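# Okay, here's the prediction I keep looking at, along with the sequence it came from:
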Amino acid sequence: MLVVTLLALLGFAAVPTLAAETPAPFVRESTIALKSVAGRIDHLAVDLERTRLFVAELGNGTVDVIDLVAAKVVRRIEGLNEPQGLAYSPAADALAVASAGDGTVRLFHGTELSPTHIISLDDDADNIRLDARTGNFVVGYGSGGLAMIDPAKGMLIQRIPLAAHPESFQIDPDKRRAFVNLPDAHQIAVVDLEAGRQISSLEVGDLNANFPMALDATRNAAAVVFRRPPRLVDYNVGTNRPTGTFATCGDADDVFFDPRRGRLYVICGEGSVDIFQREGTGYRRLTRFETASGARTGLFVPDLDRLFVAVRAGFFGLGSDAAILVLRPTD
């Protein structure tokens, strides 16, 4: 019922479809301006209950809060030191912001976004995930580690050492494992969250710079994108071995599964989103959707059936605002 209500409020049903002759993978529904935002934009998170999108503006030292119904920024959290990772916990009604500059994770109460706790991880706090089983935030940080934070108590409860700084990682809550990109160690680590240690790794071969990752637990599969050379690799996480490798766009920083359509979306800083269609046990590249140079981060929200892509200031032309592109997938 919540999802139906959200879709009705956002007016998604009223958007016309493209001609069937040459269907595009997305319809660009809107462009939401991020006024006075300079520099790099990092990751995004969503609060479905309040239909809010959070945007980490690393170069600006801010987090913007977007009302998705009104399609505009309604709040700005300032005074942050290179915010990178974001996650929202519905159960604790807490927003977590991880900052590279001071190594902190700051928690904010969901209603009024007032600050509640600061947890220091010492160095380069980065990606955050919500562990669906425990309700804890899991944060990648420093020269190599995952930190578990209780969002209700605002407490650091565990650290798990890793061989290098973690980039994107994903959690399989049923099997209590995390899959972690460690590009500086030339690894994809498999971490036992209950034991608190790395137990194995996925094969990477001669590929390098593995940054984005998505997990499809229903298929026992992980998608990892490498930048050198630009390749998408589909892994069987039961065997830790790749099942397919595909050329993709350059400077990728986010990848997402679309379970409804059996697709993968690879967001690339070269200015495009590559769309892959699942066929049998593998994928084929379906098409490419042009965005803007430098637009390499975003968020796909299956409950809203929307892909949000972050665009830096100036990339739509001299003097243009930073923006969030709201893209509706087509069938």
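Cool, got the structure. Given the structure is predicted, the values throughout are model-derived calculations rather than measurements.
# can you map out the helices along the chain?
Secondary structure of the chain (DSSP state H): helices located at 2-9.
# Pick out the least confidently modelled helix or strand of it, by mean pLDDT.
helix 2-9 (a mean of 51; mean pLDDT, DSSP states H and E).
# how about the strands of the stretch 151-300 of the chain, start to end?
Residue ranges of the strands in the stretch 151-300 of the chain, as given by DSSP state E, counting those that start in this stretch, are 155-161, 169-172, 177-182, 187-192, 197-202, 208-216, 221-228, 230-236, 241-247, 252-258, 263-268, 272-279, 282-290, 297-301.
# okay if I get those as CSV plus distance to residue 149?
All C-beta atoms are positioned from the backbone trio N, CA, C, and that covers glycine. Converted to CSV, the strands of the stretch 151-300 of the chain look like this (distance: least, CB to CB, whole Å):
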stretch, distance to residue 149
strand 155-161, 6
strand 169-172, 14
strand 177-182, 14
strand 187-192, 16
strand 197-202, 19
strand 208-216, 21
strand 221-228, 24
strand 230-236, 28
strand 241-247, 32
strand 252-258, 23
strand 263-268, 27
strand 272-279, 31
strand 282-290, 35
strand 297-301, 21
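# So which of the ones you listed is nearest residue 30?
Taking CB to CB, strand 297-301 is the member of the strands of the stretch 151-300 of the chain nearest to residue 30, at 14.3 Å.
# For the closest one, enumerate the helices and strands it packs against.
Strand 297-301 sits against strand 44-47, strand 252-258, strand 263-268, strand 306-311, with contacts defined as 3 or more CB pairs under 8 Å, 6 or more residues apart in numbering; DSSP states H and E.
# and the second one, what does it pack onto?
Right, strand 252-258. Counting by 3+ CB pairs under 8 Å, 6+ apart, the packing neighbours recorded for strand 252-258 are strand 208-216, strand 221-228, strand 263-268, strand 297-301.
# Let me have the ones you listed in a markdown table, adding distance to residue 67 and mean neighbour count as columns.
Formatted as a markdown table, these follow (distance: least, CB to CB, whole Å; neighbours: other CB atoms under 10 Å):
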| stretch | distance to residue 67 | mean neighbour count |
| --- | --- | --- |
| strand 208-216 | 27 | 20 |
| strand 221-228 | 31 | 22 |
| strand 263-268 | 23 | 25 |
| strand 297-301 | 15 | 22 |
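# who wins for proximity to residue 289 among these?
Using CB to CB, the nearest of the helices and strands packed on strand 252-258 to residue 289 is strand 263-268, at 8.7 Å.
# The closest one: how far from the chain's middle?
11 Å (CA atoms, centre = their mean, to the nearest Å).
# what's across from the residue lying closest to residue 114 once chain neighbours are set aside in the sheet?
Spatial nearest neighbour of residue 114, excluding adjacent residues (CB to CB, 6 or more residues apart in numbering): residue 108 at 6.4 Å. When bridges are called by DSSP bridges, residue 108 pairs up with residue 95, residue 115.
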